[in-house]
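Novice: Show me the folded form of this:
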Amino acid sequence: MKRAVLVNGVPASGKTTVACALRDRSGWPLFALDTIKAPFFDEIGAVDRNFNRKLGRAAYAAIFDTIAGFPDPCTVIVEAWFGFQPPDVLKAHLMRAGIGETMQLWCHAPPDIIGKRYGARVPMRSPQHPGLEYVPELVELAGRAEPMAGYPVFMVDTTKPLDVAAILDTFRRSGFPLA
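Specialist: Next up, the predicted model:
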């Protein structure tokens, strides 16, 4: 059976830092939505927000289509803001990929910190991502966003030092295989 660690949270919540640290410690392959989208942005050039979202949906599907080709058993890390799609879309992708077990890491920080993080990285990101004008919307989103229902969740406060060993220990205690 395939397993997936779903590293979830709004933009600038610390998902990439958490996912990379978990990958480095566990050796599990990492699929990140923004990494899949980046070469397309580079090739296509400027896009509007609607096209960005469309590309996000395609990248989301590509991640799970790729995982479907992996042998059983395996564990993968998928890093994305899973709240951008209806829950049934994720459920269908998990089924199609043959993923039978999941663990969710919910990355969170206070909304004002998320807004500051996002604003600080705007100059370094592809211009296809929303710019500073997105910060107020993101701060509001961060204030109401929550983990996905129906998936085991481990809360990760990304304003505190990351303890990957504690995350893996939680997986172990919950019966989520580490090998």
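
Novice: Go through the helix-or-strand element of the chain with minimal mean pLDDT and flag the buried ones.
Specialist: Ranking every helix and strand in the chain by mean pLDDT, DSSP states H and E puts helix 33-44 at the bottom, with a mean of 89. By 16 or more other Cβ atoms under 10 Å, the buried positions in helix 33-44 come out as 33-34, 36-38, 41. Just so you know, the C-beta spots here come from the backbone N, C-alpha and C atoms, and that holds for glycine as well.

Novice: What about residue 28, how many residues nearby?
Specialist: Using other Cβ atoms under 10 Å, residue 28 is surrounded by 17 other residues.

Novice: Could you tell me whether it really is in a helix?
Specialist: No - Residue 28 is assigned coil when assessed by DSSP: H, G, I helix; E, B strand; the rest coil, not a helix.

Novice: gap between it and residue 158?
Specialist: Applying Cβ to Cβ, to the nearest Å, the value for residue 28 to residue 158 is 20 Å.

Novice: Equivalent analysis for residue 56, please.
Specialist: According to Cβ to Cβ, residue 56 and residue 158 sit 22 Å apart.

Novice: and if you look at residue 38?
Specialist: Here residue 38 is placed at a distance of 22 Å from residue 158 (Cβ to Cβ).

Novice: Give me the pLDDT for residue 81.
Specialist: pLDDT for residue 81: 94.

Novice: Isn't it up against residue 11?
Specialist: Yes - at 6.0 Å, residue 81 counts as touching residue 11 under the criterion of Cβ atoms under 8 Å.

Novice: quick one: contacts for residue 93?
Specialist: For residue 93, the contact set (Cβ atoms under 8 Å, 6 or more residues apart in numbering) comprises 60-61, 63-64.
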